[in-house]
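Colleague: how would this look folded up:
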Amino acid sequence: MADDLEEQRGEGFDLQHYLGVVRRRHFHFLIPLFVGWAAVWAASWVLPPRYQSSTLILVEQPTMPKDYVTPNINDDLQERMQSITQQILSRTNLLHIIDHSNLYASEHAQRSPDDKVERMRKDIDIELVRDARNQITAFNVSYSSRHPRLAQQVTGELTNLFINQNLEVRQQQSEDTTQFLETQLEAARKSLADQEDRIRQFKAQHVGEMPAQLASNLQILQGLQTQLQSEDDALNAARQQHVYLQTLADQYRTLQVPAKGTDGTAVGLPALDEQLQKLKTQLADLSSHYTDRHPDMRKLKDEIAKTEKLRDQLLAGLKNKGSDNATDTSASAIDPGTDTAQASMMAPIQSQLRSNQLEITNREHSIAALKAKVDDYQARLNQEPIREQQLADLTRGYDQSKANYDDLLKKKNESKMATSMELLQQGGRFRVVDAPSLPQKPEFPNRLKFCGIGLAVGLALGGVVAGAFEMMDDRLYDAKEIRKLLPADVIGEIPAIVNLADQQIARRKVWLGWATAAVVLATIVAGSAFSYLRG
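Modeller: Numbering: from 1, shown residues only. Below is the predicted model:
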């Protein structure tokens, strides 16, 4: 009963069964294991080795702060790296390196130039190094070849291409930017000059009608209006004087015998006295507004003096006539002497009439000129809102052109400074941190890795072979298998009878198995160590 329970418990995993399989099939397992490992390990030494040389290139930021010199090229390093990589991996550059270094010349198959270029592109590896902010800080350039010295040489050439191409690209982009801004600045300068010329022509065509001249035009117009009013007043006074002088002259012409009043004065004297009184009244009125040096004050004083002189002459003539008439009362007509005196008295009046007429003519001309000027300035003031709008339209375009010109001038100067910085190699550039390495071990095949692959292949092959032999063997090696085949229960068992020769044979098999396992294991360890040291 106890044996049945033990058998039921051991049906899940029968350790004795598997140990028996190992004892019986260890040669079937060890030999395929060794063969599989040896085949893969040998293949790692047969395959042509490829050595990889690599270098680390650091991406340095511009030495000049951006606050002082603003770069005028594209700051997208990844985009610039893609452009530089495409240029370096171009057919022309790679064929130059292939011809210079005599690459792929020892291969058996004759390759065309395009095949060599494609092969070299596969042998080149570019790996970007990014920081925590996903910004490119450096990149690795590596090249694989069958010869370590050749791999180092080609890697050095690729490194120089990257450094020189970056400098050339940055300088070319910077110069192109500066040239473009200079072209735009010249166009903006011509546009600004055209705007200035249009404004200059507009101001020349409309002199006196500009908004800036509004205050001066108003002041001049007010002065002209005051002057016109003064001229009108003076013209009215001159016309009144003309009427008076003409009346006086007519009286003298019609007067044959001067009549006398009760006081002995001539009839014409009251008119002179009245005119003189008017002139004095006008003088008093003007003196309240002007000084004695004013032209109207001087002119009015001259007229008063002339009128007083005429009055005195007339009074003297009348007195002379009175004395003559007293001596000859019987005379009925004026003698020739009287006519001469009368003619002498008419001469000043005629002179004043001519002077007065000339004054009236001058006043009228002056008033006409003043009115024309007033109309002109009035028209200027009326045109001022229109000119202001027209000038605002022109000025708006000029201001826009000026702002555009100033902005382009500033950008051009900044771009020119950035170009100078790039020419002095003070901008962002590539610097070699690690020089191209001389590989001591091949990058392919990795012989130590091949040892691990060979061990895995050998284990799989040994397991398959041992399992196949075990499945094809129909012999029974265990009492449990015999009991399973019997239709009846086993009452008793007869133990195996083993003689001394059988024991020795079994012992030798065990030792031989262990020895074989030790040799296989030692060989694998030695091959792995050799691959590690020489790989």
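
Colleague: model confidence score at residue 179, please.
Modeller: You'll see residue 179 listed with a pLDDT of 91.

Colleague: what spatial separation is found between it and residue 172?
Modeller: 10 Å (C-beta to C-beta, to the nearest Å). Every residue, glycine included, has its C-beta placed from N, CA and C.

Colleague: again, but for residue 82
Modeller: According to C-beta to C-beta, residue 82 and residue 172 sit 16 Å apart.

Colleague: please apply the same query to residue 202.
Modeller: 45 Å.

Colleague: quick one: which of these two has more around it?
Modeller: When neighbours are counted by other C-beta atoms under 10 Å, residue 202 and residue 172 differ, and residue 202 comes out ahead with 17 against 12.

Colleague: mind checking the SS state of that one?
Modeller: In three-state terms, and counting by DSSP: H, G, I helix; E, B strand; the rest coil, residue 202 is helix.

Colleague: just checking, it touches residue 391?
Modeller: Yes - with contacts counted by C-beta atoms under 8 Å, residue 202 reaches residue 391, the gap being 6.7 Å.

Colleague: how far away from the center of its chain is stretch 282-299?
Modeller: Centroid separation between stretch 282-299 and its chain, computed with C-alpha atoms, centre = their mean, to the nearest Å, is 72 Å.

Colleague: same question for stretch 513-521.
Modeller: Distance, centroid of stretch 513-521 to centroid of chain: 79 Å (C-alpha atoms, centre = their mean).

Colleague: any buried residues in it, and which?
Modeller: Applying a neighbour-count criterion of 16 or more other C-beta atoms under 10 Å, the buried positions in stretch 513-521 are 513, 516-517, 520.

Colleague: now that stretch: average pLDDT?
Modeller: On average, stretch 513-521 scores 86.

Colleague: show me what it is in contact with.
Modeller: For stretch 513-521, the surrounding residues in contact (C-beta atoms under 8 Å, 6 or more residues apart in numbering) are 23, 26-27, 30-31, 33-34.

Colleague: just stretch 172-183 next, same as before
Modeller: Against stretch 172-183 from outside (C-beta under 8 Å, 6+ apart): 71-74, 408, 411-412, 415-416, 418-419, 422, 427.

Colleague: swap in stretch 221-236?
Modeller: Residues from elsewhere that reach stretch 221-236, judged by C-beta under 8 Å, 6+ apart: 296, 299, 360, 363-364, 366-367, 370-371, 373-374, 377-378, 381.

Colleague: list the buried residues of it.
Modeller: 221, 224, 228, 230-231, 234-235.

Colleague: distance between it and the chain's centre?
Modeller: Put simply, stretch 221-236 sits 63 Å off its chain's centre (C-alpha atoms, centre = their mean).

Colleague: repeat for stretch 193-209
Modeller: 32 Å.

Colleague: mind listing what's buried in that stretch?
Modeller: Buried residues in stretch 193-209 (16+ other C-beta under 10 Å): 195, 202, 206, 208-209.

Colleague: which of these sits closest to residue 279?
Modeller: Nearest to residue 279 among the buried residues of stretch 193-209 is residue 208, at 40.2 Å by C-beta to C-beta.

Colleague: how about the contacts made by that closest one?
Modeller: Residues near residue 208 by C-beta under 8 Å, 6+ apart: 217, 377, 380.

Colleague: how far away is it from residue 49?
Modeller: Here residue 208 is placed at a distance of 97 Å from residue 49 (C-beta to C-beta).

Colleague: next one: residue 230
Modeller: From residue 230 to residue 49 the distance is 119 Å (C-beta to C-beta).

Colleague: how about the strands in the stretch 351-500 of the chain?
Modeller: 429-434 (DSSP state E, counting those that start in this stretch).

Colleague: after whichever strand or helix holds residue 246 comes which helix or strand?
Modeller: Per DSSP states H and E: residue 246 is located in helix 214-254. As assigned by DSSP H and E, the chain's next helix or strand after helix 214-254 is helix 269-287.

Colleague: mean confidence for stretch 48-67?
Modeller: On average, stretch 48-67 scores 82.

Colleague: just the element for residue 22, please.
Modeller: helix 15-46.

Colleague: tell me what that helix is packed against?
Modeller: Other helices and strands packing on helix 15-46, by 3 or more C-beta pairs under 8 Å, 6 or more residues apart in numbering; DSSP states H and E, are helix 447-472, helix 500-534.

Colleague: and the nearest residue to residue 370 once chain neighbours are set aside, what pLDDT?
Modeller: Distances taken as C-beta to C-beta, 6 or more residues apart in numbering put residue 228 closest to residue 370, at 4.4 Å, once the chain neighbours are dropped. We have a pLDDT of 86 for residue 228.

Colleague: got it, and residue 293?
Modeller: We note a pLDDT of 78 for residue 293 in this prediction.

Colleague: tell me the secondary structure at it.
Modeller: coil.

Colleague: that one: neighbouring residues, count only.
Modeller: 7.

Colleague: residues contacting it?
Modeller: Contacts for residue 293 (C-beta under 8 Å, 6+ apart) come out as none.

Colleague: distance-wise, check it relative to residue 287.
Modeller: 12 Å.

Colleague: please apply the same query to residue 215.
Modeller: In terms of C-beta to C-beta, residue 215 sits 32 Å off from residue 287.

Colleague: so between these two, which is more surrounded?
Modeller: residue 287 (13 against 9).

Colleague: what residues are up against the more buried one?
Modeller: By C-beta under 8 Å, 6+ apart, the contact set of residue 287 is residue 297.

Colleague: which secondary structure state does residue 125 sit in?
Modeller: Applying three-state DSSP: residue 125 is strand.

Colleague: who does it form a beta bridge with?
Modeller: On the basis of DSSP bridges, residue 125 is bridged to residue 142.

Colleague: just give me the neighbour total for residue 179.
Modeller: Residue 179: 13 surrounding residues under other C-beta under 10 Å.

Colleague: that one: helix or strand, and which one exactly?
Modeller: Going by DSSP H and E, residue 179 is part of helix 148-205.

Colleague: isn't residue 170 right up against residue 423?
Modeller: No - counting by C-beta under 8 Å, residue 170 does not reach residue 423; the two are 9.7 Å apart.

Colleague: for these two, indicate the residue with more neighbours.
Modeller: Ranked by neighbour count (other C-beta under 10 Å), residue 170 and residue 423 place residue 170 first, with 26 against 14.

Colleague: gap between the more buried one and residue 161?
Modeller: From residue 170 to residue 161 the distance is 15 Å (C-beta to C-beta).
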